[in-house]
Structures are given as C-alpha cells and as structure tokens.
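In: Give me the fold of what follows.
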Amino acid sequence: MRFAFYGRMSTSTFQDVQTSRAWQRAVSDELIDGVGSVVAEFLDVGVSRRWSWQDRPEAAALLAAAADPGRDFDAVVVGEYERAFHGDQFREVVSGLNALGVAGGGWSGVTG
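Out: Next up is the predicted model:
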C-alpha cells in the first residue's frame, strides 16, 4: 500500500524542522511496517493544530492530492495524533478521505 505521510510542528523557533520531521516520520514508518511505504510527504511548519486542515498549507495540499483520481497514494499515515488533529478534525478528515477512497492507514495515539 502507498502512503502519504502528514506531519506538523507549530514553530520552528523552539523546534528543529529536520528533527521533528524525522521522529514523526519514524513513528509513521513503524505504524505501516510490513503494510506499505511512504510515497508522498506533507509537513506543515509554523501552523497550529487548531487551524482546520483546509487552512494549513500542506494539509490542504494533501487533501487536494487525495481528491485527484490519479493520486500517488492509497492511504494516509500520521506519526502523532496530537500533531495532526484538534477537536472533531480527526472524524472530519478521515470521513472526507474515506469518501475519496483514501484509507486512514495509521494514526499513532488514537484511543477512541
């Protein structure tokens, strides 16, 4: 299975982009080990998780790519739930992706 990786960090002032991306990606790779591989990456930097996915540049790009029937991925993987979602965003995003035929292949930290 082909996965799109989504990661997010709120600030580049107190966090290193490469380090944050690397650990989020490592967790994502563990989640999908033996199932598939990441073929596309989307990483928002300097964006609050409270922003809707449509208002985050890379999350919006992921959603736009998901709407393309010729997309390069079949599912989405997120290394840390709290980095990606706030409030009802998880339900909204996954429902929208599923309607497009994109699976939620991995969501680390999802408990409900």
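In: Next, give phi and psi for residue 41.
Out: phi -130, psi 140 (degrees, to the nearest 10).
In: just use 16 as the starting number from now, easier for me
Out: That works, and once the first residue is 16, the last one we named lands at residue 56.
In: On the three-state scheme, the closest residue to it other than its chain neighbours is what?
Out: Distances taken as CB to CB, 6 or more residues apart in numbering put residue 20 closest to residue 56, at 4.8 Å, once the chain neighbours are dropped. From N, CA and C alone the C-beta is placed, and that goes for glycine too. Three-state call for residue 20 (DSSP: H, G, I helix; E, B strand; the rest coil): strand.
In: how close does residue 20 get to residue 101?
Out: To residue 101, residue 20 is 19 Å away according to CB to CB, to the nearest Å.
In: So these two - more neighbours on which side?
Out: With neighbours defined as other CB atoms under 10 Å, residue 20 and residue 101 compare such that residue 20 has more, 24 against 14.
In: And the pLDDT for the more buried one?
Out: pLDDT recorded at residue 20 is 96.
In: residue contacts, it?
Out: Counting by CB atoms under 8 Å, 6 or more residues apart in numbering, residue 20 makes contact with 39-40, 43, 53, 55-58, 91-94.
In: Are we agreed that residue 57 is in a strand?
Out: Yes - counting by three-state DSSP, residue 57 falls inside a strand.
In: Near residue 106, how many residues? Count them for me, please.
Out: As a burial measure, residue 106 scores 10 neighbours (other CB under 10 Å).
In: And for the one 4 residues further on?
Out: Other residues near residue 110 come to 11 when the count uses other CB under 10 Å.
In: Over to residue 69?
Out: 12.
In: Just confirm it is within a helix.
Out: Yes - under three-state DSSP, residue 69 sits within a helix.
In: And it, how close does it get to residue 99?
Out: Distance of residue 69 to residue 99, given as CB to CB: 14 Å.
In: same check, this time on residue 20
Out: Going from residue 20 to residue 99 by CB to CB gives 11 Å.
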